[in-house]
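Student: Fold the following.
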Amino acid sequence: MPLETRTDPSRLAGERPLLSVRGLRKRYGEREILKGISFDVMAGQTMVLIGPSGSGKTTVLRCLNHLETPDAGTIELTGEPIGGAYVGEAARWTPLTESQLALQRRKFGFVFQRFNLFPHLTAAQNVAIGPRKVLGLSREAAEARAAEQLARVSLAEHMHKRPSQLSGGQQQRVAIARALAMDPRLILFDEPTSALDPELVHEVLDVMGALAREGMTMIVVTHEMSFARRVADTLIFMADGHIVEQGSPEAVFSAPREEKTQRFLSHILNR
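Tutor: The predicted structure follows:
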């Protein structure tokens, strides 16, 4: 039976995907990292990517908003090609300029493994700087948005502290608030708890679970299997640059079809 954090499948019937990825490929030198990745994400869904280190999970995220330029494949957000456009009768692919691409990147939030906060700014200033500098909000409007988003991640009482005065879990929640303040269409999380001490992991996962319940569209790379099982609408297992298995968490965890999935889950759940 679906958990309360999951998207109601009946609501998705007939809807177009928010994000559609087809044939995504990426190589570094002679090594091909992504070997034709395809998937869809519906608005309000949480997709979780799992798999061994080096399987291409982070590269998928970085290609989605063109922090890395894919070598092949298409990415569409609400039907709009990301990174370029098909131009002319021959539908020739034409890359966007960096300024055009920056406009598209605003639609993606990105929460990294490391918090990447400005050490000389307070939590509120770290969150407000994007709305001010990128979205063009006034100082007052940006500060109000920062206060709202910090309260959303339970940090209202810490908004005037600098990163050095915050725990790792608090810093990562500031990073989540910073992403939310840009009003993205979806948020990409790249192993957001991997740099945290074990006792701090739950506070970040709790915030992410709350966002899922609110209907924020998210793609999450994580090794936190209990979170994946509890929160994901769709679970993808990757290995060697391929999507090996994809389905509901119940199906993938309880009855994985592929031998690679079985071996990975047996190892990670029993260690």
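Student: In contact with residue 65, which residues?
Tutor: By Cβ atoms under 8 Å, 6 or more residues apart in numbering, residue 65 lies in contact with 82, 104, 105, 108, 110, 188. Every C-beta, even on glycine, is put in place using the N, C-alpha and C of the backbone.
Student: Specify which member of those residues is nearest to residue 132.
Tutor: The closest of those to residue 132 turns out to be residue 105 (Cβ to Cβ; 16.8 Å).
Student: my read: the closest one touches residue 66, true?
Tutor: Yes - using Cβ atoms under 8 Å, residue 105 is in contact with residue 66, at 7.0 Å.
Student: could you give me the average pLDDT of stretch 260-271?
Tutor: Stretch 260-271 shows an average pLDDT of 88 in the prediction.
Student: CA atoms of that stretch as CSV?
Tutor: Only the C-alpha atoms of stretch 260-271 are listed here, as CSV (Å, rounded to 0.1, in the frame of the first residue of the first chain):
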residue,chain,number,x,y,z
LYS,A,260,23.1,-7.2,-10.5
THR,A,261,20.3,-5.6,-8.5
GLN,A,262,20.0,-8.7,-6.2
ARG,A,263,23.8,-8.7,-5.5
PHE,A,264,23.9,-4.9,-4.8
LEU,A,265,20.9,-5.0,-2.4
SER,A,266,22.2,-8.1,-0.7
HIS,A,267,25.5,-6.5,-0.1
ILE,A,268,24.3,-3.0,1.0
LEU,A,269,21.4,-4.2,3.2
ASN,A,270,23.3,-7.0,5.0
ARG,A,271,26.6,-5.2,5.7
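Student: Give me the neighbour count for residue 250.
Tutor: Residues lying near residue 250 (other Cβ atoms under 10 Å) number 14.
Student: Apologies, that question was intended for residue 31.
Tutor: 9.
Student: swap in residue 240?
Tutor: When neighbours are defined as other Cβ under 10 Å, residue 240 has 14 of them.
Student: what's near enough to touch it?
Tutor: 35, 55, 56.
Student: Same list (the contacts of residue 65) but as a markdown table, adding secondary structure, pLDDT and distance to residue 169.
Tutor: Compiled in a markdown table, the contacts of residue 65 are given as follows (DSSP: H, G, I helix; E, B strand; the rest coil; pLDDT from 0 to 100; distance: Cβ to Cβ, whole Å):
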| residue | secondary structure | pLDDT | distance to residue 169 |
| --- | --- | --- | --- |
| 82 | coil | 93 | 31 |
| 104 | helix | 92 | 31 |
| 105 | helix | 92 | 26 |
| 108 | strand | 97 | 23 |
| 110 | strand | 97 | 19 |
| 188 | strand | 98 | 19 |
